[in-house]
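> Give me a model of this one.
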Amino acid sequence: MRTLKLHFPDEALPTLDSFLKQSKEARVFRRAQAVREVVKGQRLQTVSDTLHFTYSALRKWVHRFAAQGVKGLMDRPRPGRPPTVTGALAHHLDRLVDQDPLQHGALHSQWSCQELATVLAHQTGVQVSRESVRVVLKKKAISSSRPPGRLNPHPADLAYASLALAALEYRARRGEIIVLYEDATVLWRFALPRAGWWRTAQRTRLPLRPLSQSQIKREESLKRQAWLRSRSWSRMSSGVLLSVIGAVQDGTSKVFSKVVPHCETEGFRQDIHHVMALFGRTGKEVVMVADRSGIHRVHTLASTLTHWHEQFRLHLLPAHCGHHLNPIEGFWRVMKDRIGAGRCFPDLHQLYHRPRRVLMAHHERPLYEFHW
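I've put the predicted structure just below:
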């Protein structure tokens, strides 16, 4: 075993300390950590046994640090096939991630690697694979948070639902009926990363789940009890989330919405009465398109549907077709961005008033362009 005869400058230890605080790659961090112990005076064999380095590898990194500084601890460029996505394409892809997928003809309100590759090929004429898109976004510190579960509908169900909606929209354009697309979304009092693409720098600043799951359940239980007793927002002192039930009229940007403490059948029934108070005197049948969630299929809706018989009816989409066919999905994403994706609200009252102001501002000046 040869003796290590190297002399390190006086600023070697402070340089390694600052480099350790800034390094993000685990393997580079381990190299700097091992070299730092050697610079402090530890023997190579002792450091290699403690930090699980081979003796030859540790000796190599120490020599590189002595010759090149902290740059010698980084990986050198490796030979291989040139990248498929060039600098111009990568810049175009970086701008494309921040834009609305529906405006580019995508089927979902959230980007996927495959849809990004398809839109990129359509706009630039360069065919890239979904894996190439994923690698480029990873290098740019952009990661994806997808909703759990299978959201892809059966192709036959999607085709049948598209034809049925086309028939409804045709009748609406002739003035025979009024078509509304209804959906509900959840707003948290503290920040949670929404589904879709997030830049790592933005994600790390989000205070994720400041309450434990048991605390969230307790807060929501107290909120439900207070709402059942008083039905007054001024009496609400607990809770961590609210729901927004909304519907957009076909061919327009008019969104009819209602903020409720939690998404339940009673809130949906009030929303139906609110819609019929607006459109009931037109003499046209109102068709509300909705997904197959529980509040749309519960038996307690029977009395409301009977009350508005021949004036109002529900048109339920097949399973998992809401993200593909309901245009209000894109509006929810823009609304949440306007409310503040990284903002934490100290109480439920501020969370209640913030979406109301955003929705009122949308009526004066639309913040989302629906594509019909």
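> For the rest of this, base every contact and every neighbour count on C-alpha atoms.
Will do.
> so where do the helices sit in the stretch 251-372 of the chain?
265-279, 294-297, 302-307, 322-325, 328-339, 348-364 (DSSP state H, counting those that start in this stretch).
> Identify whichever of the ones you listed lies nearest to Gln99.
Closest to Gln99 of the helices of the stretch 251-372 of the chain is helix 328-339 (CA to CA; 10.3 Å).
> And the chain, split by domain according to the record?
12-73, 87-140, 155-364 (automatic domain parsing).
> Let's have those in CSV, adding distance to His371.
Output for the domains of the chain, formatted as CSV (distance: least, CA to CA, whole Å):
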stretch, distance to His371
domain 12-73, 42
domain 87-140, 7
domain 155-364, 8
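> now those domains in TSV, with mean neighbour count, distance to Leu6 and mean pLDDT?
Formatted as TSV, the domains of the chain follow (neighbours: other CA atoms under 10 Å; distance: least, CA to CA, whole Å; pLDDT from 0 to 100):
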stretch	mean neighbour count	distance to Leu6	mean pLDDT
domain 12-73	16	7	89
domain 87-140	16	36	82
domain 155-364	16	39	84
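> who touches whichever strand or helix holds Val119?
For Val119, the host element (DSSP states H and E) is helix 113-124. Helix 113-124 is contacted by residues 93, 96-97, 104-106, 126-131, 133-134 when judged by CA atoms under 8 Å, 6 or more residues apart in numbering.
> Thought Leu242 was touching Ala184, still the case?
No: between Ala184 and Leu242 there is no contact under CA atoms under 8 Å: 10.5 Å.
> anything in contact with each of the two?
Common neighbours of Ala184 and Leu242 (CA under 8 Å, 6+ apart) are Cys263.
> Mind checking what secondary structure Lys21 has?
Here Lys21 is recorded as helix under DSSP: H, G, I helix; E, B strand; the rest coil.
> do you know how far it is from Pro14?
Distance, Lys21 to Pro14, using CA to CA, to the nearest Å: 11 Å.
> what helices or strands is the host helix or strand of Tyr181 leaning on?
Following DSSP H and E, one finds Tyr181 within strand 177-188. Identification of packing neighbours for strand 177-188 by 3 or more CA pairs under 8 Å, 6 or more residues apart in numbering; DSSP states H and E yields helix 155-173, strand 241-249, strand 285-290, helix 328-339.
> With distance to Leu301 as new columns, can those be given to me in JSON lines?
As requested, the helices and strands packed on strand 177-188 are exported to JSON lines (distance: least, CA to CA, whole Å):
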{"stretch": "helix 155-173", "distance to Leu301": "23"}
{"stretch": "strand 241-249", "distance to Leu301": "16"}
{"stretch": "strand 285-290", "distance to Leu301": "14"}
{"stretch": "helix 328-339", "distance to Leu301": "23"}
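> Out of the ones you listed, which is closest to Pro9?
Pro9 lies closest to helix 328-339 among the helices and strands packed on strand 177-188, at 50.3 Å (CA to CA).
> Which of the contacts of helix 113-124 fall in helices?
For the contacts of helix 113-124, membership in helices holds for Leu93, Leu96, Val97, Arg130, Glu131, Val133, Arg134, with DSSP state H as the criterion.
> Report the separation between the third one and His104.
Spatial separation of Val97 from His104 under the definition CA to CA is 11 Å.
> Same check on Ala57?
From Ala57 to His104 the distance is 50 Å (CA to CA).
> cool, Lys40 as well?
From Lys40 to His104 the distance is 57 Å (CA to CA).
> repeat for Gly340
Gly340 is 24 Å from His104, where distance means CA to CA.
> next one: Arg292
27 Å.
> Equivalent analysis for Gly80, please.
Counting by CA to CA - Gly80 and His104 are separated by 34 Å.
> residues making contact with stretch 290-305?
Stretch 290-305 is contacted from outside by 181-183, 264-265, 268-269, 312-322, 326, using CA under 8 Å, 6+ apart.
> how about a cut-off of 6 Å?
Glu182, Thr265, Leu316, Leu317, Gly322 (CA atoms under 6 Å, 6 or more residues apart in numbering).
> what's across from the first one in the sheet?
In other words, Glu182. Ala247 (DSSP bridges).
> Contacts only, for it.
The neighbourhood of Glu182, defined by CA under 6 Å, 6+ apart, consists of Gly246, Ala247, Val289, Ala290.
> Could you identify the pair within the residues you listed that is furthest apart?
Taking every pair in the contacts of Glu182 and measuring CA to CA, the maximum separation is 11.5 Å, between Gly246 and Val289.
> can you give me the helices for the stretch 1-150 of the chain?
12-22, 26-39, 44-50, 55-68, 87-97, 113-124, 130-139.
> out of these, which comes closest to His154?
helix 113-124 (18.1 Å).
> Next, the angle helix 130-139 makes with the closest one.
When axes from the mean of the first three to the mean of the last three CA atoms, to 10 degrees is applied, the directions of helix 113-124 and helix 130-139 differ by 100 degrees.
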